[in-house]
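In: Build the 3D model from these lines:
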Amino acid sequence: MSDERRNRKVIALAPMPPEKSAYALARYSRSPDSIEESLKWVYAHSSEKFWEQFYFAYGHGSIADLGHVTICFENISELAAIRLEDEPLWDGQAKSSRYQNFAASGCYVPSEIANSEVEGEYRGILGSLYNIYRVLKDPVRLHLMKRYPRPDSMKSADYDRTIDARTYDVVRYLLPLAAMTNVGQVVSIRTLEKQMTRLLSAQLPELLGIGEDLKDACAKAPSSVWADLQEEPSKPLEPMAPTLARYAAPNEYQRSVYRDVLRHVKGVLKQSRFDDPQSWKGYDQSVDLLEPHAPLDELATTLVYRVSQAPYRLLLEWVKGWPESDKQAVVDAAIKSRGPYDDLAKEFRSGYAFIFDVLMDIGGWRDMHRHRRCQQIQQNFTTIHGYEVPPILAEAGVEKEYRQAMDAVQQDIERLRANNQEAALYAIPFGFRVRCLFKMDFAEVEYITKLRSGVKGHWSYRTVAWEMKQQMLKRHPYLGNIIQATSPDVEDSLTR
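Out: Numbering: from 1, shown residues only. I've put the predicted structure just below:
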């Protein structure tokens, strides 16, 4: 063995409490000691004082990237799961609507409407959705089995799971945002602190409650199930991130930024009638790739887009005609409550070469939402954009029942909105459309388009990914030709 090989070390460390792990690695980077010596030092000293001094007092945020936690959230709404996943530096998984029957999962009921007439109205809407969910399931499954019989080479269990997945791909359009789900995540404690702050600054009571529960979970000993299964000595486990949990608090800037922007532009938006669907004619394509435009135009338009329901292109044409002072005033409104240590709102992450304005169903967007190497600016959920109709419903002979249910639910939600906007939001089914900006570089365009157009995917995002390629071919022919995408006309429904 060479001297070089003999002297070199690669050391894997046993799991440690995240705050202790980050403390050890931070000290390791600032001293001549070996990692073993640094661990011994940290074991004998208070990590709490270290965090208070360097993270909170001095603002050395990067040290919190060195400790990671595994956190699971159970029995939360799909709406809450979406908001949990909004962190850019986030790794996790939510319970899939493709592989599980959500009819037995139950639904979230806002505490504000508990034991009221509104709760009865709300439960009536959700009940009708789950009834049609169950009604459509068997006809769709039987149709898929006839259309795609099991090949001799495929095991029965694999075939059944695949057919079930394709069935749920269709009937999940009836799932409301109130459907209960689970989310598991592995994040740095820096991301965890941002997540806690964001949740504690949210408007929805469910998110506020989850933020408080997350603080509690970080301040106490974690689950010992794995240690118990391994029959490890039953010594008490240390809390995961007690110092971060103690300091986590609501953030006024995050609470107020969108309210401030909306208050600033509400009058001119109403006067322009750009939030009236009648004004969107000619701008209502499902995927729109925008031409490059001036940074201030992009920033002002993005801020207005975030608090409206109008297409980006329509708003951009409007904003371009404003005096520079009016554009700057929108930006000023978005930063007027910002404190000295607050990150800018994500709408400020501008300057990407490729901006796609995408209008698609919430269910398909849930999958697109997982992409982290792009900036996503989502408009609020609503029924104003109408709903998607999975093509297979007509083939299975149940399209009429689906449309009748969705039309009735849309009317019911609008009536419910007059009594309680929060309840109306949770009642919106996955089949309704949502508008979202995707800003990215070319590598991410190529990745999303190739991945999401594949035959294993859901027809909704396959269609969006294919249209992204078509838009690239029109605007940037050479780059568009580089992208390897699969037309949604190419099917292989038994591929998983």
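In: what number of residues lie near Val305?
Out: Careful, residue 305 is Tyr and not Val. 24 (other C-beta atoms under 10 Å). Any C-beta I mention is one placed from the backbone N, CA and C, and that applies to glycine too.
In: Please apply the same query to Met368.
Out: So Met368, with other C-beta under 10 Å, has 19 neighbours.
In: Phe73: which element?
Out: According to DSSP states H and E, Phe73 maps onto strand 68-77.
In: Check the offset of the following helix or strand past that strand from the chain's centre.
Out: Proceeding N to C from strand 68-77, the next assigned helix or strand is helix 78-84, under DSSP H and E. Relative to the centre of its chain, helix 78-84 is centred 7 Å away, using C-alpha atoms, centre = their mean, to the nearest Å.
In: Mind giving me the packing neighbours of helix 78-84?
Out: strand 68-77, strand 180-188, helix 189-200, helix 205-219 (3 or more C-beta pairs under 8 Å, 6 or more residues apart in numbering; DSSP states H and E).
In: where does this protein have low pLDDT?
Out: For the chain, residues meeting the criterion pLDDT under 70 lie at 1-5, 58, 60, 98-105, 232-234, 495-496.
In: Tell me where the longest helix sits in it.
Out: If you go by DSSP state H, the chain has its longest helix at helix 117-147.
In: Could you export the helix or strand following it as CSV, keeping only the C-alpha atoms?
Out: Where DSSP H and E defines the elements, the next helix or strand beyond helix 117-147 is helix 156-171. Extracted in CSV, the C-alpha atoms of helix 156-171 (Å, rounded to 0.1, in the frame of the first residue of the first chain):
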residue,chain,number,x,y,z
SER,A,156,-51.0,-11.3,-12.3
ALA,A,157,-50.0,-9.2,-9.3
ASP,A,158,-48.0,-6.8,-11.4
TYR,A,159,-50.8,-6.5,-13.9
ASP,A,160,-53.4,-5.8,-11.2
ARG,A,161,-51.1,-3.1,-9.6
THR,A,162,-50.6,-1.5,-13.0
ILE,A,163,-54.3,-1.5,-13.9
ASP,A,164,-55.1,0.0,-10.5
ALA,A,165,-52.5,2.7,-11.0
ARG,A,166,-54.0,3.6,-14.4
THR,A,167,-57.5,3.6,-12.8
TYR,A,168,-56.5,6.0,-10.1
ASP,A,169,-54.8,8.2,-12.7
VAL,A,170,-58.4,8.9,-13.9
VAL,A,171,-60.6,8.8,-10.8
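In: Please work out the angle formed by the directions of helix 156-171 and helix 117-147.
Out: 130 degrees (axes from the mean of the first three to the mean of the last three C-alpha atoms, to 10 degrees).
In: buried residues in helix 156-171?
Out: Tyr159, Thr162, Ile163, Asp164, Ala165, Arg166, Thr167, Tyr168, Asp169, Val170, Val171 (16 or more other C-beta atoms under 10 Å).
In: Let me see the contact set for the last one.
Out: Right, Val171. For Val171, the contacting residues are Tyr133, Leu136, Lys137, Val140, by C-beta atoms under 8 Å, 6 or more residues apart in numbering.
In: Nearest residue to Ile384 in space, please, no chain neighbours.
Out: Gln309 (5.7 Å; C-beta to C-beta, 6 or more residues apart in numbering).
In: Surely that neighbour touches Ser279?
Out: No: proximity of Gln309 to Ser279 does not meet the contact threshold set by C-beta atoms under 8 Å, at 10.6 Å.
In: For Arg259, the count of nearby residues, please.
Out: The burial count for Arg259: 13, using other C-beta under 10 Å.
In: Over to it. Which of the three states is it?
Out: Per DSSP: H, G, I helix; E, B strand; the rest coil, the secondary structure class of Arg259 is helix.
In: where's it relative to Asp86, distance?
Out: 18 Å (C-beta to C-beta, to the nearest Å).
In: tally of neighbours for the residue nearest to Ile384?
Out: 18.
In: is it true that it lies in a helix?
Out: No: counting by three-state DSSP, Gln309 is located in no helix; its state is coil.
In: roughly how far apart are it and Phe442?
Out: Distance from Gln309 to Phe442, by C-beta to C-beta: 29 Å.
In: Ala81 now?
Out: For Ala81 relative to Phe442 (C-beta to C-beta), the value is 30 Å.
In: do the same with Val183
Out: 31 Å.
In: Comparing these two, which residue is more hemmed in?
Out: Val183 (20 against 15).
In: Identify the bridge partners of that one.
Out: Following DSSP bridges, Val183 is listed with bridge partners Phe73, Ala94.
In: In contact with it, which residues are there?
Out: Contact partners of Val183, counting by C-beta under 8 Å, 6+ apart, are Cys72, Phe73, Ile76, Ala81, Leu84, Glu85, Gly92, Gln93, Ala94, Lys95.
In: Then Gly454?
Out: Gly454 makes contact with Arg462, Thr486, according to C-beta under 8 Å, 6+ apart.
In: switch the cut-off to 7 Å
Out: Shown in contact with Gly454 (C-beta atoms under 7 Å, 6 or more residues apart in numbering): Thr486.
In: Can I take it that it is in a strand?
Out: No: assigned with three-state DSSP, Gly454 falls outside any strand and is coil.
In: gap between it and Glu491?
Out: Taking C-beta to C-beta, one finds Gly454 at 11 Å from Glu491.
In: got it, and Val287?
Out: 21 Å.
In: Enumerate the positions of the strand holding Phe73 that are buried.
Out: His68, Val69, Thr70, Ile71, Phe73, Ile76, Ser77.
In: likewise stretch 391-398?
Out: Buried residues in stretch 391-398 (16+ other C-beta under 10 Å): Ile392, Leu393, Ala396, Val398.
In: Show me the protein divided up by domain.
Out: 14-73+182-247, 103-179+393-420, 252-386+431-482 (automatic domain parsing).
In: Ok, which of these comes nearest Arg8?
Out: Across the domains of the chain, the minimum distance to Arg8, taken as C-beta to C-beta, is reached by domain 14-73+182-247, at 12.9 Å.
In: Quick check: phi and psi on Ile377?
Out: Phi and psi for Ile377, reported as degrees, to the nearest 10, are phi -120, psi 100.
In: Who are the contact partners of the nearest residue to Ala427 once chain neighbours are set aside?
Out: Using C-beta to C-beta, 6+ apart and skipping residues adjacent in sequence, the residue nearest Ala427 is Ile125, 4.8 Å away. Ile125 sits next to Val409, Asp412, Ile413, Leu416, Ala427 when contact means C-beta under 7 Å, 6+ apart.
In: repeat for Ala423
Out: Counted by C-beta under 7 Å, 6+ apart, Ala423 has contacts Pro110, Ile113, Val118, Tyr122, Leu416.
In: That one should be in a helix, yeah?
Out: Yes: Ala423: assigned to a helix according to three-state DSSP.
In: did I read that right, Asp65 in a helix?
Out: Yes: Asp65 forms part of a helix when assessed by three-state DSSP.
In: residues near it, how many?
Out: So Asp65, with other C-beta under 10 Å, has 16 neighbours.
In: Please, which helix or strand holds Asp332?
Out: Going by DSSP H and E, Asp332 is in helix 324-335.
In: so how far is that helix from its chain's centroid?
Out: For helix 324-335 - counting by C-alpha atoms, centre = their mean - the centre lies 28 Å from the chain centre.
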